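Enquirer: Pasting the sequence and the predicted model now:
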Amino acid sequence: MLDQFDVALDPTFAPVDRGRLLAALGEALPAGALVTKTEGMRVYECDGLAAYRGLPAAVALPRDTEELRAVLRTCARLGVPVVARGAGTGLSGGALPSPGCVLLSLSRMRRILAIDPDARTARVQPGVRNLAISEAVAPYGLFYAPDPSSQLACSIGGNVAENAGGVHCLKYGLTVHNLQALEIMTLDGEALTLGGDALDAPGFDLMALMTGSEGLLAVVTEITVRLLPTPAHARAMLVAFDDVRRAGEAVASIIAAGVIPAGLEMMDRLALTAAEEHTHAGYPTNAAAILICELDGAEADIAEELARVVAICEAAGATLVRVARDEDERRLFWAGRKGAFPAMGRLAPDYYCIDGTIPRRRLPEVLEAIETLSARHGLAVANVFHAGDGNLHPLILYDANEDGGIERAEALGGEILKLCVEVGGTITGEHGVGREKINQMCVQFTSAEIATFHAIKAAFDPAGLLNPGKAIPTPARCIEHGAMHVHAGKAPFAHLDRF
Amino acid sequence: MPTSTASEFALGAEELAERVRAASATRTPLRIVGGDTKAFHGRAVEGERLDVCGHRGVVDYEPSELVITARAGTPIREIEALLAQRGQRLAFEPPVLGPASTLGGVVAAGFAGPRRPFAGAVRDSVLGVTVLNGKGEALRLGGTVFKNVAGFDGFRLMAGALGCLGVLLDVSLRVAPIPAAELSRSFDLAWPDAQARLTALMRLPLPLSGAAHDGERLHVRLSGPVGAVEAAARELGGEETQASFWDELRHRRLGLLTAPRLWRLSVSRTARVDDLPGPALRDWAGAEIWLASEAPADRIRPLAAAAGGHATLYRGARPGEEVFTPLPPPLLALHQRLKAAFDPAGVFNPGRMYEGL
């Protein structure tokens, strides 16, 4: 399993005496800002990808940028790796402690520093919860758009590190599209401002580069997010199909017709049945697939667009079209979707969530191919996903207590991701590469591209101490996983220059 | 529509790569040129001309994916015409400064039109690029799908990098449907009052797609579904603005935008920027100020900084004048290291943005 770091395949650092490290951190930080006992560090041994676990050398909990700088400088001086962590809800093992690292928790830096309703911005510390921002600005008629499923718990700093998406990003964009400025700190303790109060900044667009860099370049210490006026109205509809292909075709037709829904989600039979038993959202359990489509804006327009979507779905062969009659029913439709992951507990002891993106028009064939792979591996797969974005979340059902259970799930997951790359997509739409998909990076990128990523990292972090062994595989790892790169003919961009 | 065959195009890319490898081997600076419509912008580059405009043609366009992929030398007007046939357009509304203007030049310059505050920057529409690095390797960064978090987002970095990081070979852009309705209103309001009006409007869920002040009047554009646009136009009142106003503004032909010496201030849209030493035109709801002024940088840049932003001498820099706001030394050093990651021999448009970059 990939939570085992491999000295031959992952970056390695000269071992540092733990006593010496703890003494140095103890001098740098006030009492209470350091956790060193094993039982106290257990909380930090994994993130949302709970199958991967490891203990750090110590956990540092700075309360402000000065304490943070002291941690970074201490680690830089001693050559100790640093793994930053927000709320620990990530699903790719990005916050998994690497051997001998200092786990840097940003959870104590959780103040909303300023809200400027006229400029439509909020300046916050990295540990602030995603949903807490929207709650704090709601009195001004504003909201923060990116809404990952974990928005109740996940932190904005983690959202920046992962370039988090969510249900509404089809219309409102990803985290990177909703940022105004970042304060970052490099490993040597240098504070830099990226972006600003204007819509652009001089020089290269480092704020965009920093977003989604998974803790490998620098630590985000402050975030200025852009806010949007809350839409006047929102309406959701539930559409059922007796064939998954037809549901996929309806999705492509809606977008092609020029409608950009606020959300467009799909669930297959296995997923919707479990969700229905879990939430009682009123999903038709005899359907092969359902779509949930939400439209927002002025009331007259919603009615107009709703009629178009209904017509498109009926033409695509929908067996049921139900528009939520009121706000309560709209919330219920979504409650079922948002509860789909926990509902999987009804189907199997464990599930493994995959996160590839594909071009929308390839949805029907990819869903069929996943079914074939699922049968070949003897593991059931439930599909819940952001259909409007082509962002799949196949949930592989398995039993971790079975011998080789997780390994079989990982093998199937790897094949699904390879399929995503083959049809012109990507191995991760919103969960990040982290530790989990480090080998699949060798499928998606050439060695020259991976070398470029390493060079970008070295420009920020020459010692390579920030979150080593994550996001970007070493050349040795790609060689070990031998010629995994999808080659000519099946190449993801065969029609583009790549020679 | 695609015009070149696959083999022609492969040859073009291979030739460009060969030129880059040769330049790197001899440390010969290259001046990367698309349509050369923005040669006036940025610092002067002394180098061999590397012409990319022969590398052209649309590679893939599938309206239901909201994505177009084209080679960097494709004229931007050709791309816009193709999109319009299918009821789509580029969200960031690029200024097209001449018929020869290319996709690669538009992305490298990073210029966006009046829709910028409402529909995002150039980088927000870029989904992926193929770019030649200094070794002449074609790197595919990003992809053709909207949600993609594999690898660092080097593709977004290319937008506005002025060709200092590599030679763009092709670009995949997210496109947007053309809304059913578009209406413009204008108001006889002097700037401070117009700013207050705009600030109030920006807090409401209105289908805004443009907000500019020409020095005398406030112009507001609404785009979206028919009902929302008509309702908002009724609520706003004012007079009709000619639709050509937005085209003239977008393509930088309106009023003082043709001045021989022109500053661009990018600022907080809610900041007060008074005492400007010359006539001004404001776009981006006030976040972008165009200023025709002979005043030197040390008079202009502090004004922009005080308003939370920066000032660029868009056109008409005198010898020795810096075009872009200087970066703090640690940030410049980071830029230099990043450039070296793509371009170790420093051959791509050296000095176009800053000395030593």
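Expert: Received the coordinates, thanks.
Enquirer: Find the residue closest to A:Glu265 in space, skipping its chain neighbours.
Expert: Nearest residue to A:Glu265 in three dimensions, chain neighbours excluded: A:Ile292, at 4.6 Å (CB to CB, 6 or more residues apart in numbering or on different chains). (Glycine included, C-beta is placed from N, CA and C.)
Enquirer: any idea which helix or strand carries the one you found?
Expert: Element membership of A:Ile292 [criterion: DSSP states H and E] is strand A:289-297.
Enquirer: That strand packs against which elements?
Expert: Counting contacts by 3 or more CB pairs under 8 Å, 6 or more residues apart in numbering or on different chains; DSSP states H and E, strand A:289-297 packs against strand A:233-241, helix A:244-256, strand A:263-268, helix A:269-279, helix A:299-315, helix A:327-338.
Enquirer: if you compare these, which one is most tucked away?
Expert: Greatest average neighbour count among the helices and strands packed on strand A:289-297 goes to strand A:263-268 (a mean of 26), per mean count of other CB atoms under 10 Å in any protein chain shown.
Enquirer: can you dump the C-alpha coordinates of it into CSV?
Expert: What follows is strand A:263-268, C-alpha atoms only, in CSV (Å, rounded to 0.1, in the frame of the first residue of the first chain):
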residue,chain,number,x,y,z
GLY,A,263,-25.5,22.0,-10.4
LEU,A,264,-25.9,18.9,-12.5
GLU,A,265,-25.4,15.6,-10.7
MET,A,266,-25.9,12.0,-11.5
MET,A,267,-26.3,8.8,-9.6
ASP,A,268,-26.6,5.3,-10.8
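Enquirer: On the strand side of things, show who the residue nearest to A:Glu265 bridges to.
Expert: Assessed by DSSP bridges, A:Ile292 has beta-bridge partners A:Leu238, A:Glu265.
Enquirer: pLDDT wise, what is the one residue in the stretch 101-250 of chain B that gets nearest to chain A at?
Expert: Ranking the residues of the stretch 101-250 of chain B by distance to chain A (CB to the nearest CB) places B:Gly227 first, at 3.1 Å. On the pLDDT scale, B:Gly227 is placed at 87.
Enquirer: That one against A:Ala307, yeah?
Expert: No: using CB atoms under 8 Å, B:Gly227 is not in contact with A:Ala307; the gap is 12.0 Å.
Enquirer: What's opposite A:Val321 in the beta bridge?
Expert: Beta-bridge pairing for A:Val321 (DSSP bridges): A:Val239.
Enquirer: Identify the residues contacting it.
Expert: A:Val321 is in contact with A:Met237, A:Leu238, A:Val239, A:Ala240, A:Val310, A:Cys313, A:Glu314, counting by CB atoms under 8 Å, 6 or more residues apart in numbering or on different chains.
Enquirer: Any chance of CSV for the residues you listed, columns pLDDT?
Expert: Shown next, in CSV, are the contacts of A:Val321 (pLDDT from 0 to 100):
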residue, pLDDT
A:Met237, 97
A:Leu238, 97
A:Val239, 98
A:Ala240, 98
A:Val310, 97
A:Cys313, 97
A:Glu314, 97
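Enquirer: which pair in those residues spans the largest distance?
Expert: For those, the maximum inter-member distance is 13.7 Å, found between A:Leu238 and A:Glu314 (CB to CB).
Enquirer: Below-threshold pLDDT in the stretch 1-150 of chain B: ranges please.
Expert: B:1-11 (pLDDT under 70).
Enquirer: Show me where it has its strands.
Expert: For the stretch 1-150 of chain B, the strands defined by DSSP state E, counting those that start in this stretch cover B:30-33, B:48-51, B:58-62, B:67-71, B:88-89, B:126-132, B:138-142.
Enquirer: now those in TSV, with distance to chain A and mean neighbour count?
Expert: Below are these laid out as TSV (distance: least, CB to the nearest CB, whole Å; neighbours: other CB atoms under 10 Å in any protein chain shown):
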stretch	distance to chain A	mean neighbour count
strand B:30-33	16	23
strand B:48-51	16	14
strand B:58-62	6	19
strand B:67-71	7	26
strand B:88-89	8	20
strand B:126-132	5	26
strand B:138-142	4	23
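Enquirer: Take those and write them to CSV, including distance to A:Ile302.
Expert: CSV is the format used below for these (distance: least, CB to CB, whole Å):
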stretch, distance to A:Ile302
strand B:30-33, 47
strand B:48-51, 50
strand B:58-62, 27
strand B:67-71, 26
strand B:88-89, 22
strand B:126-132, 28
strand B:138-142, 33
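Enquirer: mind checking the SS state of the residue positioned nearest the centre of chain A?
Expert: Closest to where the C-alpha atoms of chain A average out (CA atoms, centre = their mean) is A:His431, at 2.4 Å. The three-state label given to A:His431 by DSSP: H, G, I helix; E, B strand; the rest coil is coil.
Enquirer: if you skip the residues just before and after it, what's nearest to B:Gly356?
Expert: Nearest residue to B:Gly356 in three dimensions, chain neighbours excluded: B:Gln336, at 6.5 Å (CB to CB, 6+ apart).
Enquirer: Checking my notes, that neighbour in a helix, right?
Expert: Yes: checked against three-state DSSP, B:Gln336 lies within a helix.
Enquirer: Do I have it right that it meets B:Glu355?
Expert: No: counting by CB under 8 Å, B:Gln336 stays clear of B:Glu355, with 10.6 Å between them.
Enquirer: Tell me the buried residues in stretch A:184-192?
Expert: A:Ile184, A:Met185, A:Thr186, A:Leu187, A:Gly189, A:Leu192 (16 or more other CB atoms under 10 Å in any protein chain shown).
Enquirer: list the contacts for B:Pro177?
Expert: Applying CB under 8 Å, 6+ apart to B:Pro177 gives the contacts A:Gly258, A:Val259, A:Ile260, B:Leu66, B:Gly87, B:Gln88.
Enquirer: Columns distance to A:Leu55 on top of these, output as CSV?
Expert: Below are these laid out as CSV (distance: CB to CB, whole Å):
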residue, distance to A:Leu55
A:Gly258, 53
A:Val259, 50
A:Ile260, 46
B:Leu66, 45
B:Gly87, 56
B:Gln88, 52
